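my questions are about this predicted structure, shown below with the sequence.
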2 protein chains.
Amino acid sequence: MLAPTFLLAADCERWGVYEIELKGPTAGNPFLGVNLSATFEQGDRRIDVTGFYDGDGAYRIRFCPPTTGEWSYSTVSNAAELKGKEGTFEVGALSEGNHGPVEVAHVAHFAYADGTAYKPVGTTCYAWTSQTEELQEKTLETLATAPFNKIRMCVFPKWYSWNEVDPPQYAYEGTAPNQWDFSRFNPAFFRSLEKRITQLGEMGIEVDLILLHPYDNGRWGFDNMPPEACDFYLRYIVARLGAYRNVWWSMANEWDFDKNKTRDDWTRMIGVVHDADPYGKLLGIHNGWELYDHNHPYLTHASIQNGSAAEEAGRAALYRDVYPKPILLDEVKYEGDIPLRWGNLSAEEMVHRFWEGTIAGCYVTHGECYLADDDVLWWAKGGVLKGESPQRIAFLKKVLDGSPAEGIDQIDKWQHPNIAGQPGDYYLVYLGEQTPDSWEFCLPKHDLADGMRFKVEVLDTWNMTVSPVEGEFVTKQHSQYLFKDEAGKLVDLPGKPWIALRITRVQEN
Amino acid sequence: MLAPTFLLAADCERWGVYEIELKGPTAGNPFLGVNLSATFEQGDRRIDVTGFYDGDGAYRIRFCPPTTGEWSYSTVSNAAELKGKEGTFEVGALSEGNHGPVEVAHVAHFAYADGTAYKPVGTTCYAWTSQTEELQEKTLETLATAPFNKIRMCVFPKWYSWNEVDPPQYAYEGTAPNQWDFSRFNPAFFRSLEKRITQLGEMGIEVDLILLHPYDNGRWGFDNMPPEACDFYLRYIVARLGAYRNVWWSMANEWDFDKNKTRDDWTRMIGVVHDADPYGKLLGIHNGWELYDHNHPYLTHASIQNGSAAEEAGRAALYRDVYPKPILLDEVKYEGDIPLRWGNLSAEEMVHRFWEGTIAGCYVTHGECYLADDDVLWWAKGGVLKGESPQRIAFLKKVLDGSPAEGIDQIDKWQHPNIAGQPGDYYLVYLGEQTPDSWEFCLPKHDLADGMRFKVEVLDTWNMTVSPVEGEFVTKQHSQYLFKDEAGKLVDLPGKPWIALRITRVQEN
């Protein structure tokens, strides 16, 4: 038995990876010919987990124990050496920094399985694990000080503008660039990927792992595998990575741009991943031009590209109505300077979109495309961040970290799209490009009563300052729909754009 | 046999109502105890239609023949007098003004079954058939000169602010206000409703018939019928009205405001209507605060209330992505002056919302709430229209009538939400509140090539004028994404708000 990943106490900690290694047959094609699974049990609880062949006669079953205490297992296989193996092991308490996998909470928000709120602040770095080791290390270094707690990244390499590099290794046995045996995986490729995912996990970064994507352009053919090869691959990667608590499944980037697959193919593959995953991990599918139906019951959240929805909270908020799930605006265009119009937002506009999306009750994902002599654009290859938005996104992240666990929701969606929070307790008011000199304290009536006390802070979202406003504001009903300060107090503002207000209930003693 | 409704030639015209009347049992409760249906056949085509009891021993089966020529029928019943009745009849060609039922066309648009485009320009008059005969006649008189070709109206009466009137008759046998036998319908009630629906049909108005609604407030109990009574009612009304070509089914107004029913109840009832309707008529469900999932396969279109989506095309256009169906913005607030914030839009704002919604590729529905001494607000009771938007909506309707049958679609949705049409052929550019002095001829590249010739008209959507711009504009590629006029020509504008441009391809000889 190998040392379980994330091992810190007992045999394995809760939501760590408990790994069983077994030696088994090497004849024929073990990927195809050998089945292996284990049933893990604790009391009445029973979880069936599929194992996988890891090359050189090694078979592994990886289990993510959801509870502490003693668990037992027994294996099932069509190979004599692998079947009927039994054992027990002790699952210890969480170590620091381990909050378990992220799950949906409060309808459209997230929490770790231990109940800690998780507010995704993601970035996009599609093919960073397909770059040189040196560049991968650089990317990790950058992420170590960046604000991001989620990354969208692909399993397969990317062949595209500024991305015409073969990866150091491939997922399959065969001959590069395009002679592959889709029935034989290259375990070394997956071990490298797992190492990176583990490193990201140690940094507190969730991996929104893009299982398939259309950016192959005839180079390797990974976007054009036959359906049975797709399904075989999906089951293999779920078996390998399902136990990693920081992994989410993203079926595709721009699913509809993959002209080799139909909508029905994607529906089938969503089913394959769903059925293969014993943990019900987060599962999404990201679009190009055409949305997949995010109300599909297997999809846990909506992963949406829209180049204009985050320009204004009133737009993005519409998604909250149509999908009663978390809304991740996973591509809102990129900060950068490339000539393509999806890749040349100013930093101000990127930060603005983060705020508008947040106020809409959604979560925005960062991306960056600055031209570089070495063609290393963060968007796809990683490296270093050159933009000015990440530090402002860090500022927003700090705001989010201090916001209610219940999430930021629109409060009076058809009237005040720029006000969100949790009514009666916490409000963010975002003024965007407006540059008023003052803001009249005025909130929608929801959960308000006369005499409630609030403190107000002025946030300069670009200059990253928090300025508390002196005194308190005390609510008084002003009309059928609105409460104002009882003395009609205004909040002085600096007359600059990108100002937000944070309004927090003063708790009575 | 009664004279078939809409009868003009042969025994019945195509998409008319062919009605079989039979005499049958009166003992017991015929609504409950007697089953009756007929199979209509023409060649290989076979349509099963359920009949209904119309009181006084009369049973009817209504059939809407989709093709001309000879049809035959034979009846099935558990009553000896009704079963095994056979006959043939001749279906004649369409009379003028009969284009058949409206169907979905071009994904998100509509056409009559004969192929004629149908662009809904609807109004809302919830309870007009529950008013006095005199007021109903007045409403019809108003509709005769109004621009509307669709009306949202309820079967059941409405008890609500400004609506505290008992209707002249009820759908059930029993004692007003709330002692009803939900197993015995009052045929006279339905005959009156049918008369109004027929009159609307003769005026070219589609009836989006609201089958259930929550505005009962304990008065009559029609929002609180047991599930089996709901289903019984739905099957009865579908049997009575399914053959009326101008009827659409609207399951509910504000489905989520009916606290007596769950989402599952609505799903069940959608199934009841779908299964009962042999024609697959248009079927929608309208929301209060919470959307039903309009991707449900039985729903033919999305009927949406949203108080802010139509403020700006970039908002409403998001619905087009999530529901690949026609989007009807069936409540965008009301033109009027009531103190409730959903009912006091200015006429300008109502017209603006029609234009923004249109440019978004959706269809907006009108409503009006002007206070009146007699409490007759168009919104619910009908009567006369007092607002200033209808004539401007008539102007828009004329524009729509001259627009491509394929509908108005966003052309480059993330970049130019104010430009829509059919690329290469027809564009509407709407400038809303902006008051520029000129507009540079500039269109997204889709389906354009150098040297294409366009004429431009300036539409003042408020003053209802069309001003052709002299000369032609000739396309020349300006950038990766845009075409402009080859001579850089501008369109002079009047510097007023609510201006639109209509840009039409000049066909080569």
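Ah, there it is.

burial measure for A:Ala487, as a count.
11 (other Cβ atoms under 10 Å in any protein chain shown). Where C-beta positions appear, they are placed from N, C-alpha and C, glycine not excepted.

what is the neighbour count of the nearest residue to it once chain neighbours are set aside?
Spatially, and ignoring its direct neighbours in sequence, A:Ala487 is nearest to A:Val474 (7.5 Å; Cβ to Cβ, 6 or more residues apart in numbering or on different chains). For A:Val474, the neighbour count with other Cβ under 10 Å is 18.

show me the domain layout of chain A.
Following automatic domain parsing, chain A resolves into domains at A:12-92, A:102-388, A:412-505.

pick the most buried one from the ones you listed.
Highest mean neighbour count of the domains of chain A: domain A:102-388, a mean of 20 (counted as mean count of other Cβ atoms under 10 Å in any protein chain shown).

need the mean per-residue confidence for that domain.
Mean per-residue pLDDT for domain A:102-388: 98.

need the distance between the two termini of that domain.
29 Å (Cα to Cα, to the nearest Å).

does any part of that domain sit near chain B?
Yes: between domain A:102-388 and chain B, judged by Cβ under 8 Å from any Cβ of the partner chain, the touching residues are A:290-291, A:293-295, A:306-309, A:311-312, A:314-315, A:318-319, A:321-323, A:333, A:339-341.

contacting residues for the residue lying closest to A:Ser346 once chain neighbours are set aside?
What sits nearest to A:Ser346 in space, not counting adjacent residues and going by Cβ to Cβ, 6+ apart, is A:Glu335, at 7.1 Å. Applying Cβ atoms under 8 Å, 6 or more residues apart in numbering or on different chains, one finds that A:Glu335 lies in contact with A:345-347, A:349-350, A:366-370, A:387-389.

list the neighbouring strands of the helix or strand harbouring the residue nearest to A:Ala487 plus their orientation.
Element membership for A:Val474, per DSSP states H and E: strand A:473-477. Using DSSP bridges, strand A:473-477 pairs in its sheet with strand A:453-460 (antiparallel), strand A:482-485 (antiparallel).

so the residue nearest to A:Ser346 bridges to which residues?
Counting by DSSP bridges, A:Glu335 forms beta bridges with A:Leu345, A:Glu368.

how far away is it from chain B?
16 Å (Cβ to the nearest Cβ, to the nearest Å).

just the helices from chain A, written as ranges.
Per DSSP state H, chain A carries helices over the ranges A:30-33, A:133-145, A:187-202, A:227-241, A:263-276, A:313-322, A:347-359, A:378-381, A:389-401.

enumerate every residue touching the closest residue to chain B within the stretch 251-400 of chain A.
Nearest residue of the stretch 251-400 of chain A to chain B: A:Gly307, at 3.2 Å (Cβ to the nearest Cβ). By Cβ under 8 Å, 6+ apart, the residues touching A:Gly307 are A:331-333, A:342, B:414-415.

circling back: residues making contact with the strand holding A:Val474?
A:441, A:443, A:445, A:448-456, A:483-487, A:489, A:503.

can you dump the C-alpha atoms of that strand in PDB for me?
Extracted C-alpha coordinates of strand A:473-477, given in PDB (Å, rounded to 0.1, in the frame of the first residue of the first chain):
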ATOM      1  CA  PHE A 473     -27.400  54.800   9.800                       C
ATOM      2  CA  VAL A 474     -30.700  54.000  11.300                       C
ATOM      3  CA  THR A 475     -33.500  52.700   9.200                       C
ATOM      4  CA  LYS A 476     -36.900  54.300   8.800                       C
ATOM      5  CA  GLN A 477     -39.600  53.200   6.300                       C
END
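
tell me the contacts of A:Asp447?
Contacts of A:Asp447 by Cβ under 8 Å, 6+ apart are A:423-425.

run the last query once more with 7 Å
A:423-424 (Cβ atoms under 7 Å, 6 or more residues apart in numbering or on different chains).

so how far is A:Gln422 from it?
Distance, A:Asp447 to A:Gln422, using Cβ to Cβ, to the nearest Å: 8 Å.

quick check: pLDDT value at A:Leu8.
The predicted local confidence for A:Leu8 is 36.

oh, I was asking about A:Glu508
Value for A:Glu508, per-residue pLDDT: 75.

got the contact list for A:Pro326?
A:104, A:108-110, A:301, A:363.

could you rerun that using 8 Å?
By Cβ under 8 Å, 6+ apart, the contact set of A:Pro326 is A:104, A:108-110, A:300-302, A:362-363.

likewise for A:Asp56?
A:26, A:187.

phi, psi for it please.
Main-chain dihedrals, A:Asp56, degrees, to the nearest 10: phi 50, psi 40.

next: A:Pro436.
phi -70, psi 160.

would you check how far apart the nearest residue to it once chain neighbours are set aside and chain B are?
Nearest non-adjacent residue to A:Pro436, counting by Cβ to Cβ, 6+ apart: A:Leu493, 5.6 Å away. Distance of A:Leu493 to chain B, computed by Cβ to the nearest Cβ: 24 Å.

against A:Asp460, how distant is A:Leu493?
Distance, A:Leu493 to A:Asp460, by Cβ to Cβ: 10 Å.

what touches both of those two?
Common neighbours of A:Leu493 and A:Asp460 (Cβ under 8 Å, 6+ apart) are A:Ile499.

for chain B, give me its nearest residue in the stretch 1-150 of chain A.
A:Val107 (11.2 Å).

where does the prediction get shaky in the stretch 401-509 of chain A?
Applying pLDDT under 70 to the stretch 401-509 of chain A flags the ranges A:509.

quick one: the strands in it?
A:409-410, A:419-422, A:426-430, A:438-440, A:442-444, A:453-460, A:465-468, A:473-477, A:482-485, A:490-492, A:499-505 (DSSP state E, counting those that start in this stretch).

mind giving me CSV with the ones you listed and columns for distance to B:Asn253?
Below are these laid out as CSV (distance: least, Cβ to Cβ, whole Å):
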stretch, distance to B:Asn253
strand A:409-410, 23
strand A:419-422, 28
strand A:426-430, 32
strand A:438-440, 36
strand A:442-444, 24
strand A:453-460, 37
strand A:465-468, 46
strand A:473-477, 30
strand A:482-485, 27
strand A:490-492, 40
strand A:499-505, 35
